[in-house]
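# Here you go, sequence then predicted model.
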Amino acid sequence: MGTLNSLEKGESVPVINFNSVSKVYGMGENKIKALNNTSFTINKGEFVAIMGSSGSGKSTAMNILGCLDTCTTGDYLFKGFNVKSLTRDQRALLRRHYLGFVFQGFNLLARTTSLENLELPLIYRRIDKEKRRTLALSALKKVGLEDRINHTASELSGGQQQRVAIARAIVTNPSLLLADEPTGNLDSSKSIEIMELLKELNKTTGLTIVLVTHEDDMAAYAKRKIIFKDGQIISDKLN
Amino acid sequence: MIYNIIILSLREIKRNLLRSILTTLGIVIGVASVVMIVTLGEGTKIQVETEISKLGSTMMTISPGTRRHRGASQSAKPFDIKDVEAIRRESSFISDVAPLSMKRLLVIYGNENRRSQVAGTDKHFTDVRSWALSSGRNFSYAEEASGKSVCIIGETIRKELYKSSNFLGTNLRIGKISCQVIGLLESKGEVMFSGDQDDIVVVPLKFFQRRISGNDDINQIYASSINEYMLQDAKQEIELIMNERRPQRDGTESRYSVRAVQEMSAAFQGTSAVMTAFLSAIAAISLLVGGIGIMNIMLVSVTERTREIGIRMAIGAREREVLLQFLIESSMLSLFGGIIGIILGLLGALVIAPLMDIPVIIQLDLIIFVFIFSALVGVVFGFVPAKRASQLDPIDALRHE
Ligand SMILES: Nc1ncnc2c1ncn2[C@@H]1O[C@H](COP(=O)(O)OP(=O)(O)O)[C@@H](O)[C@H]1O
Ligand SMILES: [Mg+2]
């Protein structure tokens, strides 16, 4: 992992550099090109919304961005570092240290308090107990849930659960926050709350955010909008 | 990190407490039975050893064998006093020899009576049996020679017939014959092979032969070697002496037999060891079944928690951390099961041992072994599910419903 440690936060290289990335699923007849030769760059502090119809390759792109998957051809440079050369475990470490995830289905651990959920990524980072608590409390404060520390997922509303999930994603102070349809399971007023929160985080902490959404209303909160169609980028504009 | 993963594992166990308890049930039962069986087995062994020392670890009994007489087998010729004298005179590994003739008879004192063992012997009897007198005295030479009507009684006789300590000098009736009590034997208690040792009245051999049996026969000879190590030599010596005194006329006749008490109990010990081994094997199988139970539940748990595994992986858990977490969970479960099993097994032994009249010997090495073994069961049977969890693809896992 020596090489990964050279990934210093705040370097001038782009956070994301997608260079002719393609992703092919299946073989022969069933071959699907989920991503077809896509290239784009995202710099530190950007807030990007990825849009496109269902099956256009948004999630595929997010999985590759999140180092959960690798591309078939092309190169993905994360902070200038080629992810392709990394093993499964090295990618796990990269996620641990630089990435935060927010999912459509919240994905909090069941029967686990907000605090324990927030501690999880910190435990993997080997941060000691007291520090974990301070960090978790401050992250919960950022999402406005400092009074829900000991609530489990089932004791929280959808919007609150998603805010805990965002807190969990930012508690490690990542370089990149990835959110695949974070408002997909929420009604519009809650969705707006979440988008406001993300916008606020981007503005105050300079956190780089990439999110997938179906709705133009939500995409409007981002600074930049990339539209996918059939695995290709058909539009890439600033809002 | 291990410490943190242990914390994570404990949280998971606590989160599914009921299932965790059910999972460990197999281990609990397996461990409890192993601990109980081995503890009881050890208690039995100790008990048998105590019994041997009660009977005398150097003691041998010499009995007339059987002989074939017109097709039927019958007791060979009994011994007589010359046999006893020959052994006493010619042996060098033997410390004491005593003749013995026995009969169960009604023993009466006052209004109380009881059927007891009446033994005709001489004053060496107490030495052969390493049996001290708790009060009174042994037979004198004159009493032996004249067959005087005196007797030494066992503790059971005193307790049942006298109910007091005023027995020395009283006249006890053996059947129709009266004899004077001159001594009391120390209590030996129950012995596994020969019942209540204290239910006995000892009289001089000559008195027994003349007034009770009506012949000069001696049914058995008791002898004891100088020490335990000379037991075999002493036995051979007796055989040499007796072979000479009781020549064999045809091949079918068994003229006498010499048996050491130790050997009789060794046979018993052997059986009890086989039993313990057999029961332990069954217990081991139940442990195995317990292990398979853990594997089964852990596999279910991995499937159920697929999404959680996906979350952990997305957050940055490496394969080895996921593997370790599930391994620690399964070994914690089996370890808890082991601890509870050890406690239950010991409790079971504590309850059953008094019923079997044996002591409870808590063996630390057994407990440590079982403890480590049960942790190992968790590791071994937890490995397949843990490996499966660690190999999941995070994207699939996250998508899992
Ligand atoms: N694991 C997979 N195996 C095979 N095909 C897949 C897999 N994941 C996605 N696809 C296909 O790739 C294409 C893009 O999918 P996806 O990136 O999930 O689209 P979106 O998120 O934009 O709806 C779709 O046609 C989908 O069926
Ligand atoms: Mg999608």
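Nice, I can see it. Ligands and ions are numbered 1, 2, ... in the order given.

# Next to chain A, which bits of the stretch 301-401 of chain B? Give me the list.
Residues of the stretch 301-401 of chain B lying close to chain A by Cβ under 8 Å from any Cβ of the partner chain are B:307-308, B:310-321, B:394-395, B:398. In this view, the C-beta of every residue, glycine as well, is placed from N, C-alpha and C.

# are any of the residues you listed buried, and which?
Those of those that meet the buried threshold are B:307-308, B:310-319, B:321, B:394-395, B:398, by 16 or more other Cβ atoms under 10 Å in any protein chain shown.

# returning to that earlier point: among the residues of the stretch 301-401 of chain B next to chain A, which are located in helices?
B:307-308, B:310-315, B:319-321, B:394-395, B:398 (DSSP state H).

# if I pick residue B:169, what's in contact with it?
Residue B:169 is in contact with B:180-182, counting by Cβ atoms under 8 Å, 6 or more residues apart in numbering or on different chains.

# err, residue A:64, not the other one
The contact partners of residue A:64, by Cβ under 8 Å, 6+ apart, come to A:21, A:23, A:35, A:70-71, A:76, A:83.

# Show the low-confidence segments of the stretch 251-400 of chain B, by residue range.
B:251-254, B:265 (pLDDT under 70).

# And the helices in it, which stretches?
Assignment of helices within the stretch 251-400 of chain B using DSSP state H, counting those that start in this stretch yields the ranges B:261-304, B:306-315, B:319-356, B:364-390, B:394-399.

# before we move on, what about chain A?
Counting by DSSP H, the segments of chain A that form helices are A:58-65, A:88-98, A:114-124, A:129-142, A:158-170, A:188-205, A:216-219.

# Would the first one count as contacting ligand 1?
This points to helix A:58-65. Yes: contact between helix A:58-65 and ligand 1, assessed by Cβ under 6 Å from any ligand atom, occurs at A:58-60.

# Now residue A:171. Nearest residue, chain neighbours left out?
Excluding the flanking residues, the one nearest residue A:171 by Cβ to Cβ, 6 or more residues apart in numbering or on different chains is residue A:139, at 4.0 Å.

# What is the burial count for that neighbour?
Residue neighbour count, defined by other Cβ atoms under 10 Å in any protein chain shown, stands at 23 for residue A:139.

# For chain B, give the residue positioned nearest to ligand 1.
Nearest to ligand 1, among the residues of chain B, is residue B:395, at 7.1 Å (Cβ to the nearest ligand atom).

# residues contacting the residue of chain A found nearest chain B?
Going by Cβ to the nearest Cβ, chain B is nearest to residue A:96 of chain A, at 2.4 Å. In this structure, residue A:96 makes contact with A:121, A:124-125, A:172, B:315-317, judged by Cβ under 8 Å, 6+ apart.

# one step back: in CSV: the contacts of residue B:169, plus pLDDT, secondary structure and distance to ligand 1.
Conversion of the contacts of residue B:169 to CSV gives the following (pLDDT from 0 to 100; DSSP: H, G, I helix; E, B strand; the rest coil; distance: Cβ to the nearest ligand atom, whole Å):
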residue, pLDDT, secondary structure, distance to ligand 1
B:180, 94, strand, 106
B:181, 94, strand, 100
B:182, 95, strand, 102
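
# Need the residues that contact stretch B:382-401.
A:63, A:68-69, A:103, A:107, B:294-295, B:298-299, B:301-302, B:305-307, B:309-311, B:313-314, B:319-320, B:322-327, B:329-331, B:334.

# Spell out for me the PyMOL command that would select the buried members of those residues.
Typed into PyMOL, the next command selects the buried ones out of the contacts of stretch B:382-401 (criterion: 16+ other Cβ under 10 Å):
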select buried, (chain A and resi 63+68+69+103+107) or (chain B and resi 294+295+298+299+301+302+305+306+307+309+310+311+313+314+319+322+323+324+325+326+327+329+330+331+334)
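
# from what I can see residue A:171 touches residue A:137, true?
No: with contacts counted by Cβ atoms under 8 Å, residue A:171 stays clear of residue A:137, the gap being 9.7 Å.

# Of these two, give the one with the bigger neighbour count.
Neighbours per residue (other Cβ under 10 Å) separate residue A:171 from residue A:137, with residue A:171 holding more: 26 against 16.

# And the strands in the stretch 51-200 of chain B?
B:59-64, B:66-69, B:72-75, B:94-109, B:112-121, B:133-136, B:150-153, B:171-174, B:177-185, B:190-191, B:195-196, B:200-204 (DSSP state E, counting those that start in this stretch).

# any idea of the mean pLDDT in the fourth one?
The one in question is strand B:94-109. In this model, strand B:94-109 has an average pLDDT of 92.

# where does chain A come near ligand 1, residue by residue?
Looking at ligand 1, the residues of chain A close enough under Cβ under 6 Å from any ligand atom are A:25-26, A:32, A:34, A:52, A:54-60.

# which among these end up buried?
A:34, A:52, A:56-60.

# Farthest pair within those residues?
Taking Cβ to Cβ as the measure, those span a maximum distance of 11.7 Å, between A:34 and A:52.

# Identify the contacts common to these two.
Among the neighbours of residue A:34, none is also in contact with residue A:52 (Cβ under 8 Å, 6+ apart).

# contacting residues around residue 184?
Using chain A here. A:104, A:213-214.

# try again with chain B
By Cβ under 8 Å, 6+ apart, the contact set of residue B:184 is B:133-136, B:152-155, B:158, B:167-168.

# thinking again about what came up before, neighbour-wise, give me the winner out of the contacts of residue A:64.
Compared across the contacts of residue A:64, residue A:35 has the highest neighbour count, 28 neighbours, by other Cβ under 10 Å.

# how about the nearest residue to that one, chain neighbours excluded?
Nearest residue to residue A:35 in three dimensions, chain neighbours excluded: residue A:23, at 4.1 Å (Cβ to Cβ, 6+ apart).

# ok, now residue B:220?
residue B:100 (4.5 Å).

# thought that neighbour was touching residue B:222?
Yes: contact between residue B:100 and residue B:222 holds when scored by Cβ under 8 Å: they sit 5.6 Å apart.

# Between the two, which contacts overlap?
Counting by Cβ under 8 Å, 6+ apart, the contacts common to residue B:100 and residue B:222 are B:121, B:125.

# Now do the contacts for the spatially most central residue of chain B.
The residue lying closest to the centre of chain B (Cα atoms, centre = their mean) is residue B:44, at 2.5 Å. Residue B:44 sits next to B:272, B:276, B:356, B:358 when contact means Cβ under 8 Å, 6+ apart.

# quick one: the helix or strand it falls within to helix B:319-356, angle?
In the assignment (DSSP states H and E), residue B:44 maps to helix B:17-55. For helix B:17-55 against helix B:319-356, the angle by axes from the mean of the first three to the mean of the last three Cα atoms, to 10 degrees is 40 degrees.
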